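S.K.: next input, structure requested:
(one chain, ligands or ions: 4)
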Amino acid sequence: MQLLGRVICFVVGILLSGGPTGTISAVDPEANMNVTEIIMHWGYPGEEHSVQTGDGYILGVHRIPHGRKNQFDKGPKPVVYLQHGFLADSSNWVTNIDNNSLGFILADAGFDVWMGNSRGNTWSRKHKTLSVSQDEYWAFSFDEMAKYDLPASINYILNKTGQEQLYYVGHSQGCTIGFIAFSQMPELAKKVKMFFALAPVLSLNFASGPMVKLGRLPDLLLEDLFGQKQFLPQSAMVKWLSTHICTHVIMKELCANIFFLICGFNEKNLNMSRVDVYTTHCPAGTSVQNMVHWTQVSTPGYRWAQVSTLGYRWAQVSTLGYRWVQVCTLGYCWAQVKLVLGKVGAGQAREPPSIALLHTCPRQKQ
Ligand SMILES: *[C@@H]1O[C@H](CO)[C@@H](O)[C@H](O)[C@H]1NC(C)=O
Ligand SMILES: *[C@@H]1O[C@H](CO)[C@@H](O)[C@H](O)[C@H]1NC(C)=O
Ligand SMILES: *[C@@H]1O[C@H](CO)[C@@H](O)[C@H](O)[C@H]1NC(C)=O
Ligand SMILES: *[C@@H]1O[C@H](CO)[C@@H](O)[C@H](O)[C@H]1NC(C)=O
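M.R.: Ligands and ions are numbered 1, 2, ... in the order given. The predicted structure is shown next:
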């Protein structure tokens, strides 16, 4: 508490000392834009799509159908699907400047870019019958994102574009749900031409960092702290803090450090002039149940297959036992994991041992 008091004094002190001397930088207009608006702000065409999952969730999917330079190209473009990670959203692919955001780069390179949103985040808070005020709505974890969200989104996109396959780019949890979905649903896996796994997570056995430490808290305590519904949604308060506090020159450092704390330290890769744009979009929220499920995964000694048979305390627990080895039989995953090995250390969730496990697993005959 004492520490909290000091931090508050520090923040208020800095705010007061700043005053009209110009140390407060203007809020970037993108901080107050939604994803489609950001896309259009940079001169790209933006579309919003609603995808309904098999269990009634309605997901917001964003699309950049073509780039700025290639809008008159004839013929179908290759489709790429980008799937964000834990607590994140589709804005991740467009919140840097145009030549530095994967979504824009791919669009200009000739791809038809689709960006998914997992249930429960800022853009996917609707349901056919449930409302976000109900506990039942939040009874999901990455299990359901893999089982329902991914197939619904991928099938929707293929239907809209009339194509048979797409490229899948996952980040962090976006890879986890890809590994789960493609290993459990071979029919779905056939629709993926190539799986690019950025900072892939198969296990948290070797991970460190504050988020993992938070995850070591007992489930009950987590529930006490965060309730049973949503975890770190993008709220009016976060937005206020981001646009009022993070734009302050000194506070920018603090906001950036909060990012580093959660995501890993990498000053070179964080554009300090855009911290307000990042923090007004992320965290984008997930369910407490998802957080708790990750907790179970990060408990030392547990492996995936065990996690799923642990018996979840809440309703709607998946009883799937994930057999990761199956992922390797798909062939493409094996190759791309090798590709990204050198880059895994970007976050603090370092998982070389589990990646190595996948990496060395022999390619089986199809
Ligand atoms: C995003 O902004 C556009 C343009 O103002 C608006 O048409 C659209 O409904 C907004 N989308 C969401 C999901 O709020
Ligand atoms: C992107 O654009 C910025 C500003 O226009 C420029 O400084 C930077 O060098 C460009 N980066 C790349 C990779 O082209
Ligand atoms: C897309 O789905 C609709 C409705 O189910 C169907 O009529 C249509 O043929 C599908 N289009 C393609 C290209 O698969
Ligand atoms: C960082 O963000 C600022 C403000 O949006 C922009 O002008 C600058 O070009 C960006 N730098 C890089 C390297 O992307």
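S.K.: ok, now how distant is N96 from ligand 1?
M.R.: Separation of N96 from ligand 1 (Cβ to the nearest ligand atom, to the nearest Å) stands at 19 Å. The C-beta positions use only the backbone N, C-alpha and C, and glycine is treated the same way.
S.K.: assign that residue to helix, strand or coil.
M.R.: The assignment at N96 comes out as coil when based on DSSP: H, G, I helix; E, B strand; the rest coil.
S.K.: give me the number of neighbouring residues for it.
M.R.: The number of residues packed near N96 is 19, by other Cβ atoms under 10 Å.
S.K.: for it, which non-adjacent residue is spatially closest?
M.R.: Closest residue in space to N96, ignoring its immediate chain neighbours: N271 at 6.4 Å, by Cβ to Cβ, 6 or more residues apart in numbering.
S.K.: and the gap between the one you found and ligand 1?
M.R.: Look at N271 and ligand 1: by Cβ to the nearest ligand atom, they are 23 Å apart.
S.K.: thought R274 was touching S91?
M.R.: No - under the criterion of Cβ atoms under 8 Å, R274 makes no contact with S91, lying 11.6 Å away.
S.K.: quick one, which of those two is more surrounded?
M.R.: In terms of neighbours (other Cβ under 10 Å), S91 is the more surrounded of R274 and S91; the figures are 29 against 17.
S.K.: roughly how far apart are the more buried one and Y167?
M.R.: 20 Å (Cβ to Cβ, to the nearest Å).
S.K.: the closest residue to ligand 1 within the chain: what's it in contact with?
M.R.: Scanning the chain for the residue nearest ligand 1 gives N34, at 3.7 Å (criterion: Cβ to the nearest ligand atom). Contacts for N34 (Cβ atoms under 8 Å, 6 or more residues apart in numbering) come out as W123.
S.K.: all helices of the stretch 151-300 of the chain, in order?
M.R.: Counting by DSSP state H, counting those that start in this stretch, one finds helices in the stretch 151-300 of the chain at the ranges 173-184, 186-189, 210-215, 219-226, 236-240, 249-263, 275-279, 288-298.
S.K.: going by mean pLDDT, which of those comes out lowest?
M.R.: Within the helices of the stretch 151-300 of the chain, the least confident segment by mean pLDDT turns out to be helix 210-215, at a mean of 61.
S.K.: let me see the mean pLDDT of stretch 33-47.
M.R.: 96.
S.K.: what comes up buried for it?
M.R.: Applying a neighbour-count criterion of 16 or more other Cβ atoms under 10 Å, one finds M33, N34, V35, T36, I38, I39, W42, Y44, G46 buried in stretch 33-47.
S.K.: what does the stretch 101-250 of the chain have sitting close to ligand 1?
M.R.: W123 (Cβ under 6 Å from any ligand atom).
S.K.: nearest to ligand 4: which residue in the stretch 101-250 of the chain?
M.R.: Of the residues in the stretch 101-250 of the chain, the one nearest ligand 4 is S101, at a distance of 9.2 Å by Cβ to the nearest ligand atom.
S.K.: thinking that residue is in contact with T95, fair?
M.R.: Yes - at 6.7 Å, S101 and T95 qualify as touching, with contact defined as Cβ under 8 Å.
S.K.: more neighbours: which of these two?
M.R.: Neighbours per residue (other Cβ under 10 Å) separate S101 from T95, with T95 holding more: 25 against 20.
S.K.: OK, contacts around the more buried one?
M.R.: Taking Cβ under 8 Å, 6+ apart as the definition of contact, the neighbours of T95 are E30, I38, S101, R274, V277, Y278, H281.
S.K.: try it again with 10 Å
M.R.: The neighbours of T95, taking Cβ atoms under 10 Å, 6 or more residues apart in numbering as the test, are 28, 30-31, 33, 35, 38, 89, 101, 103, 271, 274, 277-282.
S.K.: same question for G285.
M.R.: Listed by Cβ under 10 Å, 6+ apart, the contact partners of G285 are 87-89, 118, 120-122, 124-125, 132, 229-235, 238.
S.K.: okay, and the common contacts of S101 and T95?
M.R.: When Cβ under 10 Å, 6+ apart defines a contact, the residues bordering S101 and T95 alike are I38.
S.K.: so where's the protein uncertain?
M.R.: Counting by pLDDT under 70, the low-confidence segments of the chain come to 1-25, 202-225, 228, 236-237, 244-254, 256-266, 296-366.
S.K.: V61: what secondary structure?
M.R.: For V61, the secondary structure call by three-state DSSP comes out as strand.
S.K.: from ligand 4, how far out is it?
M.R.: V61 sits 26 Å away from ligand 4 when distances are taken as Cβ to the nearest ligand atom.
S.K.: so that residue makes contact with Y156?
M.R.: Yes - in this structure, V61 is within contact of Y156 by Cβ atoms under 10 Å, at 7.1 Å.
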